[in-house]
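Asker: Please find the sequence and the predicted model below.
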Amino acid sequence: METVLRAVGIYLILLIVFRIAGRRALMQMTSFDLILLLIISEATQQALLGDDFSVTGAALTIISLVFADIFFGYIKRKSNWIDYMLDGSPVILVENGKPAYHKLNKTGVTLDDIMISARTNQGISELDQIKFAILEKNGHISIISAEG
């Protein structure tokens, strides 16, 4: 039972940490982000397994984490409020070529991030060619061109 409680506890802690870190943390990773992720995964493994390095302990931990993920997915589908609290909502960062600077600052997204997405996904090279730039719940930036 201790293994299950550890797994669910670590799951909740990571959920809260990444919610606080914001969707910017879920965008494309830099080398620093990769190093941080590796350190977090090692620390998480130590916390999850404790002194139990058995196959049974690892299997129980994995099953507990998957169950917690399924459970929270189910809860998010049933409650819009919980979905909002866990994942937030899409944020319009640019509207009709005009950046919403207060939203950019709040989300930690830069105009350069938006323009990278615009060039990569839509072939757009100028800010005024963007009708909407939207930071999605999954951390990706959707671009809707002014022509489309």
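Answerer: Structure's in. What do you need?

Asker: Which elements pack onto the helix ranked longest in the chain?
Answerer: With residue count as the measure and DSSP state H as the assignment, the chain has helix 55-78 as its longest helix. For helix 55-78, the helices and strands in contact under the criterion 3 or more CB pairs under 8 Å, 6 or more residues apart in numbering; DSSP states H and E are helix 2-21, helix 31-49, helix 80-87. Backbone N, C-alpha and C define where each C-beta goes, glycine included.

Asker: And those helices: which comes nearest I116?
Answerer: Shortest separation from I116 across the helices and strands packed on helix 55-78 is recorded for helix 31-49, at 15.7 Å, computed as CB to CB.

Asker: what's the burial count for E126?
Answerer: With neighbours defined by other CB atoms under 10 Å, the count for E126 comes to 10.

Asker: circling back: tell me the buried residues in the longest helix of the chain?
Answerer: Burial within helix 55-78, assessed by neighbour count using 16 or more other CB atoms under 10 Å, is assigned to G57, L60, T61, S64, L65, A68, F72, K76.
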